[in-house]
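Colleague: here is a sequence with its predicted model. Questions after.
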Amino acid sequence: MSRLALASLLAVLMAPAIAAPANDAATLNRVRDHAMQSDWAYQRLEDLTDLVGPRLSGSAGAAAAVEQVAATLRALGARVTLQPVKVPHWVRGEEKAELVEYVGRPAGLSQRVALTALGGSGATPAAGLTAALLVLNNFDELEARKAEVKGRIVLFNVPFDQWQAERGLAGPAYGHGAGYRFMGPRRAAELGAAAALVRSVGGADFRLPHTGATGLAPEQRIPAAAVSTEDALLMARLARRGPLAMHLTLTPQTLPDADSFNVIADWPGTDKADEVVLVSGHLDSWDLGTGAHDDGTGIAGALGVLHTLRELGLHGRRTIRMVAWMNEENGGRGAQAYQTAFGAQMGKHVGAIESDGGGGHPFGLMASVSARAEKLFKPLQAALQPIGAGVFRREERLQTGDLHLMEDAGVPSFEPLIDTSTYFHYHHTAADTFDKVSPDALRRHVAVMASLAWFMANMDETPGRVPALAD
C-alpha cells in the first residue's frame, strides 16, 4: 500500500463517531432543498474561471487551481491530500492559416482560415509551410485516395450532428466527430501528410474552432489543427472548383512532463468510515476559454456536495471523498495515479460519481449498476422528482472520463443525466466562460450530486459490483 493510501485509510478509520441520521426521506429532502437554495457553488465556479482562468495540464493556471480548490476544501473542514501526478506539458504557440491558391482567386488575394492547434500537435517551420489541400469526408475516402496524401494538408470535413444533440444524443454525435479528431491526424501522418486538419466537433456555427486531444504518436507529430465549421465548408466548396493550397503556421511545443496533483478531500464517515463514496470532476481544462462547462461545473458541483453536508452538519455512515482530477483532457494521468494508489481498495469503493457533461439542466442520473440494484434507488428518485430530476437510467458501462479504470475494477459509476443539447456549442472553445452557466441549473446539479452522495453513504444494501460484460 502506498503512503498516500495508508494515510487516507488511517484518516477515515480515526474519524469521529458522529451519529448519522437514517437514510430517510426527510433527510434527503433537507439535502436537496439546501442545495437548491444556495449559490455557494456558483460563486466557487466564478472564482475558478475568473480568477484562475484556463487550466491546461502543466500550466501555471492548473497549479493555481490546485491551490485554490485545496484551500476551499480545507476551509470546509475536509481532510485534504494533494496526490502527486506527472502530467503532459504541451503549450500552444502561433496558429494561423490562409488559402493562397484556388480556382478563381483574384490576383493578390488570400483567405484567412479560423483554426486552432489540437493538443499534441507538432509544429510547422517558424515561417510556416505551404502545401496542396486534400478535402476528405470520411476514412473510406482516405483509404481510397491514400496515394494522394503524401506531402499534402489533409482536411477531414466531418459534420457534427446537431439534430442528434438536440434530441438527447449529444454523446454519440460528439463521439463520431471526436473519432476523426483523435485518429484522423494519426492516419494522415502514417500516409505521409504534411499536416492534418479536422472540422470542429461542435454544433454552433459561430466560426469558432474547437480544440481537443489528438492521437498522434511522438514519432508522428505532424502539425494538426481544428478549423471552424464555416472554413471547412468553404474549403469543401473551393475543392469542388479545383485544386487549392494553404499556407499554415503552427508552433506548439511538447515540453517535458510537469509536476501536478489530484486534490483529494475526505468527509469522514461514522461506523463504515473505511468505505468510500467518491464524488468528482476534473480540474484541468483546455486553454482557449476558462473551462466553465468543461469542467468547472463538475468541480463546483462536487465542492457543493461537501459544502451542503457541512452546512447541514451531516456525516454519513461511509466516507464521502471528493476528487478534483488532474489531466483528464489530454492524458488521464490523474485517474491512473489514483488507481495505482488505491487499486487494492476498490472493493471498499461503494460507488463513484463524476460530472463531466457541462452545467445543463439535470433530469436525473445515469448509473452502471445491475438490473437488480436499480430498485435500490427508488427512494432517491422520489426525493429528486420534485425538482424534475427523478430519472434513473441504467447502463452497462458509462466509461465516464476519469472513472473508467474504477469501473473496470468493479466500482459502479454514476453521472448526472444532463441536457447537453447546446453543450457542444462551447465545448473546447474560447466561448466556454462563466457567463454561459445558469445558476439555477448549477443549483440543481449540486442537489442531484449531494442527494446521490448522501444516499449512497447511508445505504443498507449497496449496489454491488459492476456486472461483467458478456464476451
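Modeller: Structure's in. What do you need? Because the structure is a prediction, the values reported are computed rather than measured.
Colleague: farthest residue from the center of this structure?
Modeller: residue 107 (45.6 Å; Cα atoms, centre = their mean).
Colleague: in this protein, spot the helix with the most residues.
Modeller: helix 170-190 (DSSP state H).
Colleague: let's see that one as PDB, backbone CA atoms only.
Modeller: Written as PDB, here are the backbone C-alpha positions of helix 170-190 (Å, rounded to 0.1, in the frame of the first residue of the first chain):
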ATOM      1  CA  ALA A 170     -25.200  14.700 -28.000                       C
ATOM      2  CA  GLY A 171     -22.800  12.000 -26.800                       C
ATOM      3  CA  PRO A 172     -23.000   9.800 -29.900                       C
ATOM      4  CA  ALA A 173     -22.800  12.900 -32.100                       C
ATOM      5  CA  TYR A 174     -19.700  14.100 -30.300                       C
ATOM      6  CA  GLY A 175     -18.100  10.600 -30.300                       C
ATOM      7  CA  HIS A 176     -18.400  10.300 -34.100                       C
ATOM      8  CA  GLY A 177     -16.700  13.600 -34.800                       C
ATOM      9  CA  ALA A 178     -14.100  13.200 -32.000                       C
ATOM     10  CA  GLY A 179     -13.100   9.900 -33.500                       C
ATOM     11  CA  TYR A 180     -11.900  11.800 -36.600                       C
ATOM     12  CA  ARG A 181     -10.200  14.500 -34.400                       C
ATOM     13  CA  PHE A 182      -8.300  11.800 -32.400                       C
ATOM     14  CA  MET A 183      -7.400   9.300 -35.200                       C
ATOM     15  CA  GLY A 184      -7.600  11.400 -38.300                       C
ATOM     16  CA  PRO A 185      -4.200  13.200 -37.900                       C
ATOM     17  CA  ARG A 186      -2.600   9.900 -36.900                       C
ATOM     18  CA  ARG A 187      -3.800   8.100 -40.000                       C
ATOM     19  CA  ALA A 188      -2.900  11.000 -42.200                       C
ATOM     20  CA  ALA A 189       0.600  11.100 -40.700                       C
ATOM     21  CA  GLU A 190       1.000   7.400 -41.400                       C
END
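Colleague: let me know the next secondary structure element after it.
Modeller: strand 195-199 (DSSP states H and E).
Colleague: what separates that next one from the chain centre, distance-wise?
Modeller: 22 Å (Cα atoms, centre = their mean, to the nearest Å).
Colleague: partner strands of the very next helix or strand once past that strand and their direction?
Modeller: Sequence order places strand 224-227 as the next helix or strand after strand 195-199, per DSSP H and E. Next to strand 224-227 in the sheet, as set by DSSP bridges, lie strand 115-117 (antiparallel), strand 195-199 (parallel).
Colleague: residue contacts, the closest residue to residue 397 other than its chain neighbours?
Modeller: Among residues not flanking residue 397 along the chain, residue 368 sits closest, at 5.4 Å (Cβ to Cβ, 6 or more residues apart in numbering). From N, CA and C alone the C-beta is placed, and that goes for glycine too. Contact analysis of residue 368 by Cβ atoms under 8 Å, 6 or more residues apart in numbering lists 394, 395, 396, 397, 398, 407, 412, 413, 414, 466.
Colleague: and the longest helix of the chain, what does it pack onto?
Modeller: Counting contacts by 3 or more Cβ pairs under 8 Å, 6 or more residues apart in numbering; DSSP states H and E, helix 170-190 is packed against helix 139-144, strand 153-156, helix 162-165, strand 195-199, helix 423-426.
Colleague: deepest-packed of these, please.
Modeller: Of all the helices and strands packed on helix 170-190, strand 195-199 has the most neighbours on average by mean count of other Cβ atoms under 10 Å, namely a mean of 29.
Colleague: using PDB, list the CA coordinates for it.
Modeller: Extracted in PDB, the C-alpha atoms of strand 195-199 (Å, rounded to 0.1, in the frame of the first residue of the first chain):
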ATOM      1  CA  ALA A 195      -0.300  18.400 -41.900                       C
ATOM      2  CA  ALA A 196      -3.800  17.400 -40.800                       C
ATOM      3  CA  LEU A 197      -7.000  19.500 -40.200                       C
ATOM      4  CA  VAL A 198     -10.300  18.400 -38.800                       C
ATOM      5  CA  ARG A 199     -13.700  20.200 -38.900                       C
END
